[in-house]
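Asks: Starting from these lines, generate the structure:
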Amino acid sequence: MRKVGEGTRTLNFVIDTLLILFLAIGFNKGWTFYVRYWGYPYLNFGWIFFGVLFLYYSFFEIIFQRSPAKWLSYSKVVNQEGKRAAFWRILIRSLARITVIDLFFIPIIGKPLHDWVSGTEVVSSE
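Replies: Residues are numbered from 1 along each chain as shown. This is a model prediction of the structure:
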């Protein structure tokens, strides 16, 4: 089990965040149609973005052990023993990503908060 470096993790973050942003913008445009013409309640874009972020990471990491960016970088999410992470660990991991302070834990504990709280690692899949 070989952990990936900070450069790979940064690349994964940038690619996944761009994909999530495009999905959230698309959902927001669709929702705005229903707000205008059907009287649905308005949703703040932040709620949409973080909702899409949670669903995106939960779906891909529960089913495939990796997000689209992790496919490109040949990495995957595993538990501390190097096996497939449990369903509940991925949900905790996805919830922890929503916090604004998530990445600021790297200098303190050597990994992002979402890895530490969920007991998961990002390793090379080769």
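Asks: Tell me which residues touch Pro68, please.
Replies: Residues near Pro68 by CB atoms under 8 Å, 6 or more residues apart in numbering: Ile15, Asp16, Leu19, Phe60. C-beta here means a position set from N, CA and C on the backbone, and glycine is covered the same way.
Asks: now, which of those lie within strands?
Replies: If you go by DSSP state E, the contacts of Pro68 have nothing in strands.
Asks: Arg89 contacts Trp116, doesn't it?
Replies: No. Using CB atoms under 8 Å, Arg89 makes no contact with Trp116, being 11.7 Å away.
Asks: of these two, who's got more company?
Replies: Arg89 (20 against 17; other CB atoms under 10 Å).
Asks: Excluding chain neighbours, what is closest to the more buried one?
Replies: Spatial nearest neighbour of Arg89, excluding adjacent residues (CB to CB, 6 or more residues apart in numbering): Ser118 at 4.6 Å.
Asks: Provide a list of residues in contact with the one you found.
Replies: Ala85, Arg89, Ile90, Ile92, Arg93, Ala96.
Asks: Can you get me a residue count around Gln80?
Replies: If you count neighbours by other CB under 10 Å, Gln80 ends up with 11.
Asks: dump the residue contacts of it.
Replies: Gly119, Thr120, Glu121.
Asks: Quickly note the distance from it to Leu91.
Replies: Counting by CB to CB, to the nearest Å, the gap from Gln80 to Leu91 is 17 Å.
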